[in-house]
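>>> build me a structure from this.
(2 chains)
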Amino acid sequence: LAKTTQPISMDSYEGQEVNITCSHNNIATNDYITWYQQFPSQGPRFIIQGYKTKVTNEVASLFIPADRKSSTLSLPRVSLSDTAVYYCLVGGGSFSGGYNKLIFGAGTRLAVHP
Amino acid sequence: EAGVTQSPTHLIKTRGQQATLRCSPISGHTSVYWYQQALGLGLQFLLWYDEGEERNRGNFPPRFSGRQFPNYSSELNVNALELEDSALYLCASSSGGINIGPPRETQYFGPGTRLLVL
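Next up is the predicted model:
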């Protein structure tokens, strides 16, 4: 499974756009990129998933360059409630369970300040 | 639609005892996953069950075991508890099985069971 590298922590202010970049240099051809959000003492919550180019939903956007060796989660106009840990995961290249054995890294701790 | 549920929410045990944690997946989901999250750390994959079978296992000793029932609910058992087993244990479910195709199925997490070993 592809290993991911994210910044350990980030700080932002309310109303700003936050971009969190994840590196995954050895991503496989069939791998997807998925981002989760986790609040303290809660289970992670799915945010967005993509394969290439750009994906947007009501919560965030995911930008994936052509070489797919990195991805950027973009959170528009963050609020205090966006303070959480954000995990980038890469997998899904195998029909025999490669995706199912998700590898969660340490994630990025985002702190949003008033 | 009800999400993934886990019980109990908190569990206190002493060293050497056994702990049993339970998980009910989202209706219609056949896959259940277990993760361990020690305080302040990332999630560590424990086990994956699908259609009643153990499909994959993380790097944990055999005293961590589990099973999946015909209704797709699951149990995680931890024998001979050690102090370092204290953690948040998270269960997730997905509708994907071993033959899922793209796009990959998302895993939906429960609130977790906080296990404290004294």
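>>> give me the distance between residue B:20 and residue B:77.
As judged by CB to CB, to the nearest Å, residue B:20 and residue B:77 stand 5 Å apart. C-betas here are computed from N, CA, C, even on glycine.
>>> can you get me a residue count around the closest residue to chain A within chain B?
For chain B, the residue closest to chain A is residue B:109, as judged by CB to the nearest CB, at 2.9 Å. Other residues near residue B:109 come to 22 when the count uses other CB atoms under 10 Å in any protein chain shown.
>>> and if you look at residue B:74?
Per other CB under 10 Å, the neighbour tally for residue B:74 reads 25.
>>> so for residue A:4, what's the pLDDT?
Listed pLDDT for residue A:4 reads 86.
>>> count the neighbours of it for me.
So residue A:4, with other CB under 10 Å, has 24 neighbours.
>>> which parts of chain B are strands?
B:5-7, B:10-13, B:19-24, B:31-37, B:44-50, B:53-57, B:64-68, B:74-78, B:87-94, B:108-109, B:113-117 (DSSP state E).
>>> returning to that earlier point: show me what the residue of chain B closest to chain A is bridged to.
Residue B:109 forms beta bridges with residue B:92, as assigned by DSSP bridges.
>>> same thing with residue A:23?
residue A:5, residue A:70.
>>> hang on, the earlier thing: is the residue of chain B closest to chain A in contact with residue A:43, as I believe?
Yes. Residue B:109 sits in contact with residue A:43 when judged by CB atoms under 8 Å, with a separation of 2.9 Å.
>>> any shared contact partners between those two?
B:4, B:90-92 (CB atoms under 8 Å, 6 or more residues apart in numbering or on different chains).
>>> pretty sure residue A:43 contacts residue B:90?
Yes. At 4.9 Å, residue A:43 counts as touching residue B:90 under the criterion of CB under 8 Å.
>>> can you list the weak-confidence ranges in chain A?
Per-residue confidence for chain A (pLDDT under 70) gives these ranges: A:1-2, A:92-103.
>>> buried residues, stretch A:47-66. List them.
A:47-51, A:55, A:60-64 (16 or more other CB atoms under 10 Å in any protein chain shown).
>>> residues touching the residue of chain A found nearest chain B, list them.
In chain A, the residue that lies nearest chain B is residue A:43 (2.9 Å; CB to the nearest CB). With contacts defined as CB under 8 Å, 6+ apart, the neighbours of residue A:43 are B:4, B:90-92, B:109-112.
>>> what's the burial count for residue B:52?
12.
>>> over to the one 3 residues further on?
Other residues lying near residue B:55 total 19 when counted by other CB under 10 Å.
>>> for it, which non-adjacent residue is spatially closest?
Take residue B:55 and drop its neighbours on the chain: the residue closest to it by CB to CB, 6 or more residues apart in numbering or on different chains is residue B:48, 4.7 Å away.
>>> then residue B:49?
Per CB to CB, 6+ apart, closest to residue B:49 is residue B:68, 3.8 Å.
>>> ok, that neighbour - how many residues close by?
23.
>>> what segments of chain A are strands?
Assigned by DSSP E, chain A shows strands spanning A:9-13, A:18-23, A:32-38, A:45-50, A:53-56, A:61-64, A:70-75, A:84-91, A:108-113.
>>> I'd like those laid out as TSV, including distance to residue B:16.
Shown next, in TSV, are the strands of chain A (distance: least, CB to CB, whole Å):
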stretch	distance to residue B:16
strand A:9-13	38
strand A:18-23	41
strand A:32-38	31
strand A:45-50	35
strand A:53-56	49
strand A:61-64	46
strand A:70-75	43
strand A:84-91	33
strand A:108-113	35
